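S.K.: no FASTA, just this:
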C-alpha cells in the first residue's frame, strides 16, 4: 500500500460554492447545519446531531429517510462543522477497490492528525460481506461512518454494523418545509409563474421530496411561462411525482401495516385511504384480499362470522370481474371489516391451544371417547361408558374430553361484542350444566 502524506489529502472545509449554471437544487444546498430545512429535531441544539456538533465529536451514524430530505447535505455539513476531512463513496457506483482506497486514505490522514468522515450513500446496497468490511475501520476509529439509506436499517443492514452506529431518522418534508424551499428558490430566481392554489398543488406533488420540488420549480422557470398557471394548467404542464412505494421494501410493509391497524381500529375512512394508496401504487389485488381474509380471522372472528364470507366473496368477485371493476368488491370487504365488531378471541385461542399442544406432547385422549372398531380395542376399554350427547338431557352430556392427567383448559374467551356475545352465553350455559351434572366446570 502506498503511503499518503498530509499534503496529498484535501483539507477539511466548507462545501464548495456551486457553479452559476448548476441545477437549482445544488445552488440552494444548505451552507450550514442551521440551513437544513425540516430536520430541526436532529440539527437543533437539543437534537442528536446538534449535541454532537456542540461537543465537537461525532459518532458513526446511519441517516435513514425518504429521498430528498437532506441526507447528503447533512453529512457534508457535519464534517465541516467539526473540522473533519470528508470522503464519500456510493454503494451504487463503488466496489471493493474504491473502499480500500478510501480506507487507505483515511488511515494516512489519521497519521497526520486529520479525522475522516466517510459518507456512504445508499449503504443498504452493499451486501452483507461488504458491510462487514467497514467494521474494523469503524472500531479502530480510522473513519467515522455516516451511511445514508432510504430502507429500514433493521432489514437492510448487518446487526454488527448497526450496533456500532446510531440510527437517526430524517423526516419526510412537510408542506411548511417545502414552502420554505420554494421561498428560497423565489428569492434567488424570482416569482414562480403560479397562482396561490397552483403553488400549493406543486408542493403537494413533491410528496415530501425537496429535491424533486426544486427540480419542478426549475422546469417552470426554464419554460418562461408568461401568465400564472392554475392547478389544472400546472397538472397538464408537469407530470405529478409517483408516491414512494416499492412492493418488496419498507413502503409496502408500512402501508399494509397501516391498513391492518385502521381496520382493527374500526376507522373505515382511514382504512379506505390506505387501501387506495396500495391499489393506486400497483399492489397486487389478490395479495390485499389475502390480507383482508387474515384480518377477518384475526381481528373479527366470531364477533361477526360474515366477515370471512365477505372477504371470500370479494375474492370470487374480483377474479370474475378483474380490474378495475372488481376492485369495488375489495373496497366493500375492507369497509365491512372496518365497521364490524372486533374480537381477537379466536386468534388468541389458537395461540394458546398451539402452545398447549406443543407442551403436552402425546397425551392420549380419554378411552371412553375413542372409537373401537376391533374386539381388542373394546376389550381394553375403548369407547366404554361413552355418553352420546343426543341421548342426554338438552342434547348435552357434559362429558370430560380432556386427556387423563391434564386439567381442562380455557383457550377461547368470547368478548361481549357482536355475535360472540351469543357464543359467550352458550359457553356459560354449558359450563353451568357440567358443574350441575359432574361437579366441575
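M.R.: Noted; the coordinates are in hand. Everything quoted here is computed from the prediction, not taken from an experiment.

S.K.: Now for residue 427, how many residues are close by?
M.R.: Using other Cβ atoms under 10 Å, residue 427 is surrounded by 14 other residues. No exception for glycine: its C-beta is placed from N, CA and C like everyone else's.

S.K.: hmm, I was thinking of residue 79
M.R.: Look at residue 79: counted by other Cβ under 10 Å, it has 25 neighbours.

S.K.: list the contacts for it?
M.R.: 12, 85-86, 117, 119 (Cβ atoms under 8 Å, 6 or more residues apart in numbering).

S.K.: Helices along the stretch 101-250 of the chain, start to end?
M.R.: Per DSSP state H, counting those that start in this stretch, the stretch 101-250 of the chain carries helices over the ranges 128-132, 135-139, 153-156, 159-162, 175-189, 196-205, 210-223, 231-237, 250-264.

S.K.: will you turn the ones you listed into CSV that also has mean neighbour count, mean pLDDT and distance to residue 79?
M.R.: Below are these laid out as CSV (neighbours: other Cβ atoms under 10 Å; pLDDT from 0 to 100; distance: least, Cβ to Cβ, whole Å):
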stretch, mean neighbour count, mean pLDDT, distance to residue 79
helix 128-132, 14, 87, 22
helix 135-139, 14, 92, 16
helix 153-156, 16, 85, 21
helix 159-162, 14, 90, 20
helix 175-189, 16, 94, 23
helix 196-205, 18, 90, 31
helix 210-223, 19, 92, 20
helix 231-237, 15, 86, 39
helix 250-264, 18, 87, 28
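
S.K.: Out of those, flag the one nearest residue 24.
M.R.: helix 210-223 (4.2 Å; Cβ to Cβ).

S.K.: Mind pulling the model confidence for residue 394?
M.R.: Listed pLDDT for residue 394 reads 87.

S.K.: Isn't it up against residue 436?
M.R.: No: the pair residue 394 and residue 436 fails to qualify as a contact (Cβ atoms under 8 Å) at a distance of 10.8 Å.

S.K.: circling back to that earlier point, between the helices of the stretch 101-250 of the chain, which gets nearest to residue 45?
M.R.: Short answer: helix 175-189, nearest of the helices of the stretch 101-250 of the chain by Cβ to Cβ, at 18.7 Å.

S.K.: Please name every helix or strand in contact with that closest one.
M.R.: Counting contacts by 3 or more Cβ pairs under 8 Å, 6 or more residues apart in numbering; DSSP states H and E, helix 175-189 packs against helix 24-27, helix 196-205, helix 210-223.

S.K.: Roughly how far does residue 192 sit from residue 37?
M.R.: Counting by Cβ to Cβ, to the nearest Å, the separation of residue 192 from residue 37 is 18 Å.

S.K.: ranges for the helices of the stretch 251-400 of the chain?
M.R.: Ranges of helices in the stretch 251-400 of the chain, per DSSP H, counting those that start in this stretch, are 268-280, 285-295, 306-321, 327-339, 345-360, 375-379.

S.K.: Comparing these by mean pLDDT, which bottoms out?
M.R.: When I compare those, helix 375-379 is least confident, with a mean of 85.

S.K.: ok, and what's touching it?
M.R.: Helix 375-379 is touched from outside by 370-372, 383-384, with contacts defined as Cβ under 8 Å, 6+ apart.

S.K.: tell me the two of those that are most distant?
M.R.: Going by Cβ to Cβ, the pair spanning the contacts of helix 375-379 furthest: 371 and 384, at 11.8 Å.

S.K.: Which of the two has more residues huddled nearby?
M.R.: residue 384 (12 against 9).

S.K.: and that one, what pLDDT?
M.R.: pLDDT, residue 384: 90.

S.K.: Also residue 12?
M.R.: Residue 12 is assigned 45 on the pLDDT scale.

S.K.: same thing with the one 3 residues further on?
M.R.: We note a pLDDT of 54 for residue 15 in this prediction.

S.K.: same for the longest helix seen in the chain, what does it pack against?
M.R.: Once the chain is assigned using DSSP state H, the helix that runs over the most residues is helix 420-438. Helices and strands touching helix 420-438, as assessed by 3+ Cβ pairs under 8 Å, 6+ apart, are absent.

S.K.: tell me the domain ranges of the protein?
M.R.: Per automatic domain parsing, the domain ranges recorded for the chain read 6-169, 175-237, 250-339, 365-438.

S.K.: rewinding a little: what is the nearest of the contacts of helix 375-379 to residue 323?
M.R.: Closest approach between the contacts of helix 375-379 and residue 323, by Cβ to Cβ: residue 371, at 50.6 Å.

S.K.: List the residues that contact that closest one.
M.R.: Under the criterion of Cβ under 8 Å, 6+ apart, the neighbours of residue 371 are 377, 382-383.

S.K.: what stretches of the stretch 1-150 of the chain score poorly on pLDDT?
M.R.: Under the criterion pLDDT under 70, the flagged ranges of the stretch 1-150 of the chain are 1-18.

S.K.: distance between stretch 273-283 and the chain's centre?
M.R.: What separates the centre of stretch 273-283 from the centre of its chain is 15 Å, taken as Cα atoms, centre = their mean, to the nearest Å.

S.K.: before we move on, what about stretch 162-172?
M.R.: Worked out by Cα atoms, centre = their mean, stretch 162-172 lies 15 Å from the chain centre.
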